[in-house]
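Asks: What follows is a predicted structure for the sequence shown.
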Amino acid sequence: MDDGSRDSLTAAVEFGVLETAVTRATDALVGLQRGDGHWVFELEADATIPAEYVLFVHYLAEPPNLELERKIGVYLRRIQGEHGGWPLYHGGVLDVSATVKAYFALKMIGDDIDAPHMVRAREALLAHGGAGACNVFTRILLALFGVLSWRAVPEMPVEITLLPKWFPIHLSKISYWARTVIVPLLVLRKLRPRARNPRGVTIDELFAQPPATITKLARGAHQKEPWASFFFALDQVLRVAEPRFPKGSNRRAIDKAVAFVDERINGDDGLGGIFPAIVNSVMMYDAVGLADHPNRALARQAIDKLLVIKDDEAYCQPCFSPVWDTALVAHALMEAGAPEAEAAALRGLEWLKPLQVLDVVGDWAEARPEVRPGGWAFQYRNDHYPDLDDTAVVVMAMDRARHRAETGGAYEAPIARGREWVEGLQSNNGGWAAFDADNTFYYLNNIPFADHGALLDPPTVDVAARCVSMLAQLGEPLDSTRMKPALAYLEREQLAEGSWFGRWGVNYIYGTWSALCALNAAGLDSASPMVRRAADWLVAIQNPDGGWGENCDSYRLDYQGYQPHPSGASQTAWALLGLMAAGETDHPAVTRGIAWLTARQGDDGFWAEDHYTGGGFPRVFYLRYHGYSKFFPLWALARYRNLVRANERRVAFGM
């Protein structure tokens with residue numbers, strides 16, 4: 001290291017302190033590697049998933065695990081907000097649907113409705129309009145328990161499964177997560193089974209009016225005319241017409257729905273690998289008289305696998321994230337660069353290799369039938385639904401590894417097939433979505449069922465940026481027929497303030513980091529207007545303490561620009577990685593950000609982070625990735641050290 005680079009490093013934090021921080025984080029992360037080579041961290045959502053788990057057990061009248069119920073109760077009480085209800089993320093405002101489910105679950109467990117926490121929840125909920133103001137998914141749950149009439153639920157004929165692909169409403173036109181949740185739900189909506197509910201628990205006290213009188217469907221804030229009026233009118237027509245549909249078509253539609261689930265049951269990883277779809281599939285099998293079917297048993301096992309049971313409390317995860325976690329950890333450890341870190345990263349990549357989906361043509365082929373499979377899923381197994389984000393990150397990690405490993409040739413084939421699949425799923429607007437191509441049927445977000453506004457999987461900046469990063473790292477020319485429309489897409493999506501929206505991470509910090517990595521990898525000069533505006537925006541929003549933070553409220557529909565939020569480890573790391581990708585390694589903002597991270601490393605080598613930085617569905621569902629504050633800060637610190645030590649200011653990788 002020359003004197004100049006050493007001086008720059010010392011300006012941020014004493015070299016020994018930085019090196020110690022990197023070493024401690026590296027050792028701690030390597031220590032969490034599973035025996036077979038992978039990493040997986042807890043993935044926490046809000047109160048709805050553990051509450052639904054409790055209610056699901058009583059729906060089926062399974063013998064309850066009283067100790068598990070007690071621990072889930074401890075968890076639900078702990079995360080109750082100061083406002084009395086339950087939020088969608090740490091420190092968030094009361095959410096009506098989450099509060100209804102959490103209260104219902106606690107009452108099911110046996111909490112006295114006159115207990116102080118139950119009184120506070122009830123009073124807070126009634127002040128927000130009562131349980132009648134809940135969303136469609138919660139209304140369906142309450143209808144299954146007989147709390148609400150099915151008239152309070154949108155009409156969803158099971159015959160949707162029989163519609164031709166050209167029809168404006170078709171399963172291939174909605175997202176993977178909506179598809180897997182809705183198909184078994186269509187059967188439940190038709191058959192209207194009743195929860196067994198052996199304890200006979202009801203929640204009438206949460207309603208501002210008699211539950212049986214609730215029939216009006218609320219419109220989502222995102223729903224617009226004239227589509228909203230059209231679809232809500234169609235719902236009224238279907239309520240009259242649906243009972244008159246031929247019984248033969250009912251039977252064929254139900255059989256097709258069951259066959260859809262059977263094909264995608266995914267072993268004991270469950271339908272779509274996500275809790276809501278898996279739960280619906282179990283209830284569907286039960287409703288059609290297949291309670292003893294092997295697939296039903298597999299799906300039931302998949303649900304219990306998602307439980308996180310600790311000494312004092314327990315909760316249920318929405319899904320697993322092992323591929324995502326392992327690929328990102330591999331990047332961070334290769335950046336750290338110590339021999340043991342490199343070896344651990346290679347073990348992780350070897351674990352990932354056989355998980356590449358090469359022989360299952362998933363639902364993505366509806367839009368791209370000519371493309372060969374070749375992606376990776378987010379979960380342990382989800383072969384029908386690999387995703388572009390994971391695939392791009394895995395391919396980039398393998399590409400980094402093949403240039404430094406004696407076994408580098410072993411990665412050539414998976415890299416080539418992953419690249420081929422990503423290239424084939426590029427959407428017509430130049431971007432990439434998470435699971436499908438050209439899933440842009442925006443009118444469908446106006447159907448009554450879509451009050452959450454998350455029915456589709458359109459291209460997004462963060463995923464598109466990751467795919468651009470991958471292609472650029474693999475040598476794709478800046479002016480290629482793929483890269484030109486992709487870069488044009490990123491340019492169109494940049495906000496006037498300089499940031500980009502982050503669909504899968506919170507939020508504009510995440511999107512801006514992703515885009516800056518892509519622009520750097522693609523070879524754009526750091527002086528280009530796109531890069532400069534983004535870097536300036538990141539510098540402008542840095543907190544006085546040197547870190548960065550952003551709240552989930554930034555997803556609101558009336559976003560007017562960044563609002564300050566306390567600094568967090570993940571978002572500070574993203575901002576630093578983004579600024580370094582923009583050529584700003586020597587900027588004082590980077591110096592202060594590195595100092596913020598080193599000063600806040602915990603005794604365990606990691607960083608504490610309670611607030612949620614993962615996106616599930618904007619404004620509806622958020623995620624706390626427990627691994628983010630473990631590997632992203634390490635990645636940022638190691639990258640800063642490497643750039644300064646080498647007296648180099650250009651990041652050489654796509655991430």
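Replies: That came in fine, so what should we check first?
Asks: thought residue 450 was touching residue 220?
Replies: Yes - the criterion here is C-beta atoms under 8 Å, and residue 450 meets it with residue 220 at 6.9 Å. In this view, the C-beta of every residue, glycine as well, is placed from N, C-alpha and C.
Asks: which residue ranges form the strands in the stretch 301-450 of the chain?
Replies: Assigned by DSSP state E, counting those that start in this stretch, the strands in the stretch 301-450 of the chain fall at 307-309, 314-316.
Asks: oh sorry, the question was meant for the chain
Replies: Along the chain, counting by DSSP state E, strands occupy 43-44, 307-309, 314-316, 614-617, 621-625.
Asks: show me where the stretch 251-400 of the chain has helices.
Replies: Using DSSP state H, counting those that start in this stretch, the helices of the stretch 251-400 of the chain run over residues 275-287, 294-305, 322-336, 339-352, 388-402.
Asks: Kindly reformat these as CSV containing mean pLDDT and mean neighbour count.
Replies: Shown next, in CSV, are the helices of the stretch 251-400 of the chain (pLDDT from 0 to 100; neighbours: other C-beta atoms under 10 Å):
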stretch, mean pLDDT, mean neighbour count
helix 275-287, 97, 25
helix 294-305, 97, 18
helix 322-336, 98, 26
helix 339-352, 96, 20
helix 388-402, 97, 26
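Asks: Looking at the ones you listed, spot the one closest to residue 359.
Replies: When the helices of the stretch 251-400 of the chain are compared by C-beta to C-beta, helix 388-402 sits nearest residue 359, at 15.7 Å.
Asks: which residues does the closest residue to residue 625 other than its chain neighbours bridge with?
Replies: Leaving aside its chain neighbours, residue 625 sits nearest to residue 614 (4.7 Å; criterion: C-beta to C-beta, 6 or more residues apart in numbering). Applying DSSP bridges to residue 614 yields these beta-bridge partners: residue 505, residue 623.
Asks: Please report how far residue 614 lies from residue 88.
Replies: As judged by C-beta to C-beta, to the nearest Å, residue 614 and residue 88 stand 12 Å apart.
Asks: Any chance you could list residues touching both of those two?
Replies: residue 622 (C-beta atoms under 8 Å, 6 or more residues apart in numbering).
Asks: my read: residue 73 touches residue 109, true?
Replies: Yes - shown here, residue 73 and residue 109 form a contact pair, counting by C-beta under 8 Å, at 4.8 Å.
Asks: returning to that earlier point: just the pLDDT at the residue nearest to residue 625, thanks.
Replies: As predicted, residue 614 sits at a pLDDT of 94.
Asks: Could you do residue 2 as well?
Replies: Model confidence at residue 2, expressed as pLDDT, equals 41.
Asks: just residue 13 next, same as before
Replies: As summarised for this prediction, residue 13 has a pLDDT of 66.
Asks: pLDDT score for the spatially closest residue to residue 606 that is not a sequence neighbour?
Replies: Once flanking residues are discounted, residue 606 sits nearest to residue 630: 4.7 Å by C-beta to C-beta, 6+ apart. In the predicted model, residue 630 carries a pLDDT score of 98.
Asks: Show the contacting residues for residue 630.
Replies: Residue 630 makes contacts with 25, 28, 29, 32, 41, 606, 607, as judged by C-beta under 8 Å, 6+ apart.
Asks: Ok, residue 593 next?
Replies: Residue 593 makes contacts with 542, 546, 547, 548, 572, 575, 576, 579, 636, as judged by C-beta under 8 Å, 6+ apart.
Asks: repeat that with 6 Å
Replies: Taking C-beta atoms under 6 Å, 6 or more residues apart in numbering, we find residue 593 in contact with 546, 572, 576.
Asks: would you turn the helices of the stretch 251-400 of the chain into TSV with distance to residue 59?
Replies: Below are these laid out as TSV (distance: least, C-beta to C-beta, whole Å):
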stretch	distance to residue 59
helix 275-287	7
helix 294-305	12
helix 322-336	29
helix 339-352	36
helix 388-402	33
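Asks: And these: which comes nearest residue 622?
Replies: Short answer: helix 275-287, nearest of those by C-beta to C-beta, at 14.8 Å.
Asks: Contacts for the closest one next, please.
Replies: Counting by C-beta under 6 Å, 6+ apart, 49, 56, 180-181, 184-185, 187-188, 191, 193, 261, 270-271, 293, 296, 299-300, 302-303, 306, 318 sit against helix 275-287.
Asks: please redo it, this time with the cut-off set to 7 Å
Replies: Helix 275-287 has contacts (C-beta atoms under 7 Å, 6 or more residues apart in numbering) with 49, 52, 56, 59-60, 180-181, 184-185, 187-188, 191, 193, 261, 270-271, 291, 293, 295-296, 299-300, 302-303, 306, 316, 318-319.
Asks: Could you check the angle it makes with strand 621-625?
Replies: Counting by axes from the mean of the first three to the mean of the last three C-alpha atoms, to 10 degrees, helix 275-287 lies at 120 degrees to strand 621-625.
Asks: just how off-centre is helix 275-287 within its chain?
Replies: 21 Å (C-alpha atoms, centre = their mean, to the nearest Å).
Asks: before we move on, what about stretch 288-297?
Replies: On the basis of C-alpha atoms, centre = their mean, stretch 288-297 sits 29 Å off its chain's mean C-alpha point.
Asks: Which of the contacts of residue 593 sits closest to residue 123?
Replies: For those, the closest approach to residue 123 (C-beta to C-beta) belongs to residue 572, at 38.1 Å.
Asks: residues contacting that closest one?
Replies: 547, 548, 593, 596, 597.
Asks: same thing but at 6 Å, please
Replies: Contacts of residue 572 (C-beta under 6 Å, 6+ apart): 547, 548, 593, 596.
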